[in-house]
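>>> Next comes the sequence, and after it the predicted model I'd like to discuss.
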Amino acid sequence: MTATRKELATSFLDSNIWLYAFTETPDKEHKRKRRIAKKTIQKSDVIISSQVINETCVNLIKKTDLSEEEIRSLILSFYSKYPSWK
């Protein structure tokens, strides 16, 4: 069963939450935080800002081997899925 918009908590998520959700490592603590981050994103009515998108993408470029096209696609998905902070 999927929660309706009214049942979701509105959340402004820091770039660290996104980074945990998008990255994988063998570290147990990272895996735990990744699960929490993904649940938080799924159970929230997320509001995004260009600053958080920028910070997330800069860190993904540094810490992963995502291509420029994958980063571009991620940016577009942020803007298409989530309303921007006003």
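Good, I have the coordinates.
>>> Leu13 and Ser44 touch, don't they?
Yes: look at Leu13 against Ser44 with Cβ atoms under 8 Å: they come within range, at 7.0 Å. Quick note: C-beta positions are derived from backbone N, CA and C, even for glycine.
>>> What's the separation between Glu69 and Val58?
16 Å (Cβ to Cβ, to the nearest Å).
>>> which residue is nearest the centroid of this structure?
Centroid-nearest residue in the chain: Trp18, 3.0 Å away (criterion: Cα atoms, centre = their mean).
>>> So Glu69 and Val58 - more neighbours on which side?
Ranked by neighbour count (other Cβ atoms under 10 Å), Glu69 and Val58 place Val58 first, with 12 against 8.
>>> what about Ile61, which helix or strand?
helix 50-63 (DSSP states H and E).
>>> Report the distance from the very next helix or strand once past that helix to the chain centre.
Downstream of helix 50-63, the first helix or strand assigned by DSSP H and E is helix 68-81. Distance of helix 68-81 from its chain centroid, counting by Cα atoms, centre = their mean, to the nearest Å, is 11 Å.
>>> what comes up buried for helix 68-81?
For helix 68-81, burial by neighbour count (16 or more other Cβ atoms under 10 Å) applies to 71, 74, 78.
>>> quick one: contacts of that helix?
22, 46, 48, 53, 56-57, 60-61, 66 (Cβ atoms under 8 Å, 6 or more residues apart in numbering).
>>> could you give the mean pLDDT of it?
Helix 68-81 comes out with an average pLDDT of 94.
>>> what angle separates it from helix 50-63?
For helix 68-81 against helix 50-63, the angle by axes from the mean of the first three to the mean of the last three Cα atoms, to 10 degrees is 150 degrees.
>>> still on that earlier bit, who are the packing partners of the helix holding Ile61?
Packing partners of helix 50-63 (3 or more Cβ pairs under 8 Å, 6 or more residues apart in numbering; DSSP states H and E): helix 15-22, helix 68-81.
>>> thinking again about what came up before, specify which member of the buried residues of helix 68-81 is nearest to Thr40.
Here the nearest of the buried residues of helix 68-81 to Thr40, counting by Cβ to Cβ, is Phe78; it sits at 15.6 Å.
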